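Student: build me a structure from this.
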Amino acid sequence: MLQVGLMPRVGVNNLPFNNDFVQVIGQGMPSYDPGFNLSWQEVTDRRAQQVQDLIQTQHKQVYMQWSGGIDSTCILVAMLKNFDRNTLSRVTVCYTYDSILEYSKFYLDHILPNFKTQDLNFVPLDLAGQPNALLIDGQTADTLTMSMAPSLDINMAVRNSDLLVKDWRTDPDTLILYLSRVTGSAEFAQWYYDRVGENVKSVDVPIETYFDFMWWAGFNYDWAYQTFCQWFYLQRSSQLGFKEFSNKYLPWFCNDEYQLWSLAHVGAWVKHGRGVASFKQDAKHYCYEYTHDEWNWRYKTKVSSRGRPYLLDTTLPFAVTDDFRVLGLETDLNEILTLWPSHFKD
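Tutor: Reported below is the predicted structural model:
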């Protein structure tokens, strides 16, 4: 499964993994458009109108997964701003205790008065039993604004923000040294720099700074995994095949306009400023314009998503076959070994 996070969508593929998977699940990247000028606010409002049309025309009952974090809160704000009352009545906000702890004020002020709710600690989400169910979440939001390993960006922004604007081509040694310190491996740092760098040189996107370099690794290499992992982890509880699940699942941030926004907003201190609280500043400002929550705007930071019961599961699935069968180490070890790439066996 980790191989999925190492598959470039565009540019040279210099990794030992076939990336046909990207096309199989329909997650190619739109062509870079240097003239794209829509703001985050405009893209988000347009996305909300698209989703409302989908809900109304297909009579969907929506289950929105809210973690309490920046991305899922941004989605709910977009719904509150753009959905009519009839469409809002079709949305159930799914949360856990951790979600409420992360952003209690939003839960009390905006979720309870406007949405139906479902506590996932007590009532598991049942997609299979509801033909018109539509699951919405914030997958791919991270890869719009940060690297495949977000800690690389965050560490640099907090501790060495001046490095964000350095040129990765003319000053490679500093970047490689930084990567080696953060990851604990000089060998990996050089490998990462060489592989990503070769891919960057094969595309027409203006990737110039250290930040651009790390963002591109996430946006290009990790996108397909982000759109796929929700089915991968929920498959056992939902018992839905991939095609059926895809008809019931909508990752909010996974559309061409969000991607074009990300491609057009390159450069250090564009997607975020100098500090951990400025990460995802466009999404935070979008929320602030609606909630006027000064504390959340100034101090809310990027943290790992919460409220996902499968994270507590010690028997997570291990791999997916070409025909979308999920394999586990405890139940399918022999089959996994027959499929394991020979270069790993060696």
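Student: C-alpha only now, for contacts and for neighbours.
Tutor: Fine.
Student: those strands in the stretch 51-200 of the chain, which residues are they?
Tutor: Secondary structure of the stretch 51-200 of the chain (DSSP state E, counting those that start in this stretch): strands located at 61-65, 91-95, 116-119, 133-137.
Student: tell me the gap between the second one and the middle of its chain.
Tutor: So that's strand 91-95. 19 Å (C-alpha atoms, centre = their mean, to the nearest Å).
Student: walk me through which strands it pairs with, and which way each runs.
Tutor: Sheet neighbours of strand 91-95, with direction, are listed as strand 61-65 (parallel), strand 116-119 (parallel) (DSSP bridges).
Student: who's in contact with the longest one?
Tutor: Read that as strand 61-65. Strand 61-65 is contacted from outside by 55, 72, 90-95, 132-138, using C-alpha atoms under 8 Å, 6 or more residues apart in numbering.
Student: and it, average pLDDT?
Tutor: Mean pLDDT, strand 61-65: 96.
Student: what of the last one?
Tutor: On average, the pLDDT along strand 116-119 is 95.
Student: with just CA atoms, put it into PDB.
Tutor: Output of strand 116-119 as PDB, limited to C-alpha atoms (Å, rounded to 0.1, in the frame of the first residue of the first chain):
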ATOM      1  CA  LYS A 116     -27.900  16.300  11.900                       C
ATOM      2  CA  THR A 117     -25.100  14.600  13.800                       C
ATOM      3  CA  GLN A 118     -23.800  11.100  14.300                       C
ATOM      4  CA  ASP A 119     -21.300  10.000  16.900                       C
END
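Student: got the contact list for it?
Tutor: 89, 91, 92, 93, 94, 95, 96, 97, 111.
Student: pretty sure residue 42 sits in a helix.
Tutor: Yes. Residue 42 forms part of a helix when assessed by DSSP: H, G, I helix; E, B strand; the rest coil.
Student: distance of it relative to residue 261?
Tutor: Here residue 42 is placed at a distance of 10 Å from residue 261 (C-alpha to C-alpha, to the nearest Å).
Student: roughly how far apart are residue 300 and residue 294?
Tutor: For residue 300, the distance to residue 294 - C-alpha to C-alpha - is 10 Å.
Student: those two: which is more packed in?
Tutor: Taking other C-alpha atoms under 10 Å, residue 300 and residue 294 do not tie; residue 300 has more neighbours (20 against 11).
Student: domain ranges for this protein?
Tutor: 2-151+211-313, 317-346 (automatic domain parsing).
Student: most tightly packed of the ones you listed?
Tutor: domain 2-151+211-313 (a mean of 18; mean count of other C-alpha atoms under 10 Å).
Student: chain center to that domain: distance?
Tutor: 6 Å.
Student: ramachandran coordinates for residue 280?
Tutor: Here is the backbone geometry of residue 280 (degrees, to the nearest 10): phi 60, psi 40.
Student: show me what contacts it?
Tutor: By C-alpha under 8 Å, 6+ apart, the neighbours of residue 280 are 70, 145, 271, 272, 302.
Student: equivalent analysis for residue 326, please.
Tutor: By C-alpha under 8 Å, 6+ apart, the neighbours of residue 326 are 232, 235, 317, 318, 319, 320.
Student: the stretch 1-150 of the chain: helices as residue ranges?
Tutor: Ranges of helices in the stretch 1-150 of the chain, per DSSP state H, counting those that start in this stretch, are 20-24, 40-57, 70-82, 85-88, 97-102, 104-106, 141-145, 150-159.
Student: could you dump these into a markdown table and include distance to residue 63?
Tutor: Below are those laid out as a markdown table (distance: least, C-alpha to C-alpha, whole Å):
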| stretch | distance to residue 63 |
| --- | --- |
| helix 20-24 | 26 |
| helix 40-57 | 11 |
| helix 70-82 | 11 |
| helix 85-88 | 11 |
| helix 97-102 | 15 |
| helix 104-106 | 18 |
| helix 141-145 | 18 |
| helix 150-159 | 27 |
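Student: per-residue confidence at the most centrally placed residue in the chain?
Tutor: The chain has residue 140 as the residue nearest its centroid, 2.3 Å off, counting by C-alpha atoms, centre = their mean. We have a pLDDT of 91 for residue 140.
Student: from memory it sits against residue 221, does it?
Tutor: No. With contact defined as C-alpha atoms under 8 Å, residue 140 does not reach residue 221; the gap is 11.6 Å.
Student: so residue 137 sits against residue 67, correct?
Tutor: No. Residue 137 is beyond contact range of residue 67, at 9.2 Å (criterion: C-alpha under 8 Å).
Student: tell me what the residue nearest to residue 248 when sequence neighbours are not counted is bridged to.
Tutor: Closest residue to residue 248 apart from its sequence neighbours, by C-alpha to C-alpha, 6 or more residues apart in numbering: residue 134 at 4.5 Å. Beta-bridge pairing of residue 134 under DSSP bridges involves residue 62.
Student: verify the contact between residue 134 and residue 246 for me.
Tutor: No. With contact defined as C-alpha under 8 Å, residue 134 does not reach residue 246; the gap is 9.5 Å.
Student: returning to that earlier point: looking at the helices of the stretch 1-150 of the chain, which is nearest to residue 210?
Tutor: Shortest distance between residue 210 and the helices of the stretch 1-150 of the chain, using C-alpha to C-alpha, is found for helix 150-159: 9.1 Å.
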